[in-house]
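*Asks:* next come a sequence and a model predicted from it.
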Amino acid sequence: MTRIFAENDYMLTNALHIDQSFDIIRRPVRLGGRDAAFYLIDGFVKDDLFEKLLEFFFALTADDPAFTGAEAFLSRAVPYCEAALETDMQKILTSILSGQTCLLIDGFSSAVLLDIRTYPQRDTAEPEKDKVLRGSHDGFVEAMVLNCALIRRRIRSPQLRMEYHAVGTLSQTDVALCYLDGSADPKLLAKIRDRLQNAKVGALTMNQESLSEILFRHKWYNPFPKFKYTERPDAAAAQILEGDIVILVDNAPACMILPTTIFDVLEETNDYYFPPLTGTYLRLTRYFVLLLMLLLTPVWLLLTENPGWLPPEFSFLLPAETPAVPIFWQLMILEVGIDGLKLATLSTPSMLTTSLSLIAGIVVGDFAVQSGWFSAETMLYMALVALGGYNQPSWELGYAMKFMRLGLLVLAAVFGLWGLVGGMVAILIILVSNKTFDGQCYLYPLIPFNWKHLKKKLFRPSIRRQ
């Protein structure tokens, strides 16, 4: 930048293509007898605050000491705390496109940046997926600054760091690393910083998913999640206090938590809003249902093919009649069909969800059994599996277990008992060989065994004993 207003104005006007974009505003003014102009994005500025600043600026006179230099203007004439000077034209452009207001004044070689922006956003309501019976009912929104404030409200410590990064050569998406200085792993922090600063990507098109693929390029055939996601600021604050790192991405109403093992993914906020005994019961129930969801249909398939393995008193577990469609294909069709119903529910208007759910339950369920396509037992066990998938908070882990279950079904149908055993061994190998972002085993603290940490993962510890 130079001290000549006309040159600076020409460069900035052409760089922003103001004549081609109706929402980028150039507002020329005269301040203290000098030519000046504001540059801003329509819809990103707090109108009432901008009006008050204009009233103050218009009251300045030509002989005011504030016009002796940019630094003097910032300290004497700007009655707003979030203001700064900038000389780099590229940074000025990025700031304007991020929502800040730029002020150019004739005779100043620096631009004044005013952070009086506001973003269209929804209320901080409780997330639909991460509901709790007790505790706070606020949640993250799409504005990163507000999400940082929700965490700051819970951790009032100078050790809390909110480290800013811009990712994407085109999008310049705001990303914040949130951690507790002295508690977070410095090597892990350095690794994340390096990945963010050297990210060769034009834009984070899918927000957190795009960022996760940049940070951790895991093998496509390994579906287990490497990050834990939560829309709850209280859960994010708790993870930061435990020494984990939280990543906030602008336009994403959730945060990423790392490093993450399978035990971390299975933890839920409700565990800590109840007494230790209740929290432990809820946690162990979640582990049991997860294992049941994985094994229920493959084991039942084996029993239907080998009815002699069951004692007579348990014969009610088997289909009463010989099915027209083989049990294996019934289970596979229902596995895909349930996901089809999920997708249909997502695309159904909310006012029709209840009525269409009744239609799906009565017509698809009842008449599918009566027509002979499916047995009542198959529908029952698949319903239990489908409901069990909602027992834990992670969608990614739910689908990982689904893929493992499908593999077990195929192996059990082809190779029988040995196929099921081999499939379980293969799943264990996948989990053991799986590494977290910091290089630990995905099953830590079970493998390698650490009873002190494993006890905290299995049993909800008392706060005073942590």
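*Replies:* Thanks, I have it.

*Asks:* okay, the closest residue to D438 other than its chain neighbours and M162: tell me how far apart.
*Replies:* Closest residue to D438 apart from its sequence neighbours, by CB to CB, 6 or more residues apart in numbering: P259 at 4.3 Å. Backbone N, C-alpha and C define where each C-beta goes, glycine included. Going from P259 to M162 by CB to CB, to the nearest Å gives 20 Å.

*Asks:* which one's more surrounded, these two?
*Replies:* P259 (21 against 17; other CB atoms under 10 Å).

*Asks:* how about the longest helix seen in the chain: buried residues?
*Replies:* The single longest helix within the chain, with elements called by DSSP state H, is helix 276-305. By neighbour count with 16 or more other CB atoms under 10 Å, helix 276-305 contains the buried residues 279-280, 282-283, 286, 289-290, 293-304.

*Asks:* residue at max distance from the center of the chain?
*Replies:* Using CA atoms, centre = their mean, the residue of the chain lying farthest from its centre is D63. It sits 53.1 Å away.

*Asks:* separation between that residue and D9?
*Replies:* D63 sits 24 Å away from D9, going by CB to CB.

*Asks:* residue contacts, Q239?
*Replies:* Contacts for Q239 were tallied using CB atoms under 8 Å, 6 or more residues apart in numbering; they are 228, 246, 257.

*Asks:* for F263, see how far away it is.
*Replies:* Look at Q239 and F263: by CB to CB, they are 13 Å apart.

*Asks:* now P233
*Replies:* 22 Å.

*Asks:* just want to know which of the two has more residues nearby.
*Replies:* Using other CB under 10 Å as the criterion, P233 and F263 rank with P233 on top: 25 against 19.

*Asks:* about what we covered before: that's a helix at the residue farthest from the centre of the chain, yeah?
*Replies:* No - counting by DSSP: H, G, I helix; E, B strand; the rest coil, D63 is not found in a helix; it is coil.

*Asks:* give the contact list for it.
*Replies:* Per CB under 8 Å, 6+ apart, neighbours of D63: none.

*Asks:* confidence score at it?
*Replies:* We have a pLDDT of 89 for D63.

*Asks:* go on, E86?
*Replies:* With respect to pLDDT, E86 has a value of 93.

*Asks:* run a quick neighbour tally on it.
*Replies:* Using other CB under 10 Å, E86 has 18 other residues around it.

*Asks:* can you count the residues close to C102?
*Replies:* 20.

*Asks:* so what's it closest to, chain neighbours aside?
*Replies:* Closest to C102 by CB to CB, 6+ apart is Y39, at 4.3 Å.

*Asks:* okay, and the one you found sits in which element?
*Replies:* strand 34-41 (DSSP states H and E).

*Asks:* is N251 in a helix, a strand, or coil?
*Replies:* Reducing the assignment at N251 to three states with three-state DSSP gives coil.

*Asks:* angles on the backbone of it, please.
*Replies:* phi 80, psi 10 (degrees, to the nearest 10).

*Asks:* what about it, distance to R195?
*Replies:* 20 Å.

*Asks:* tell me, how many residues neighbour T205?
*Replies:* The tally of other residues near T205 (other CB under 10 Å) stands at 12.

*Asks:* for A235, same thing?
*Replies:* 23.

*Asks:* can you map out the helices along the stretch 251-400 of the chain?
*Replies:* 262-266, 276-305, 327-347, 350-359, 367-370, 376-388, 395-415 (DSSP state H, counting those that start in this stretch).

*Asks:* and those, which one is worst for confidence?
*Replies:* Lowest mean pLDDT of the helices of the stretch 251-400 of the chain: helix 350-359, a mean of 63.
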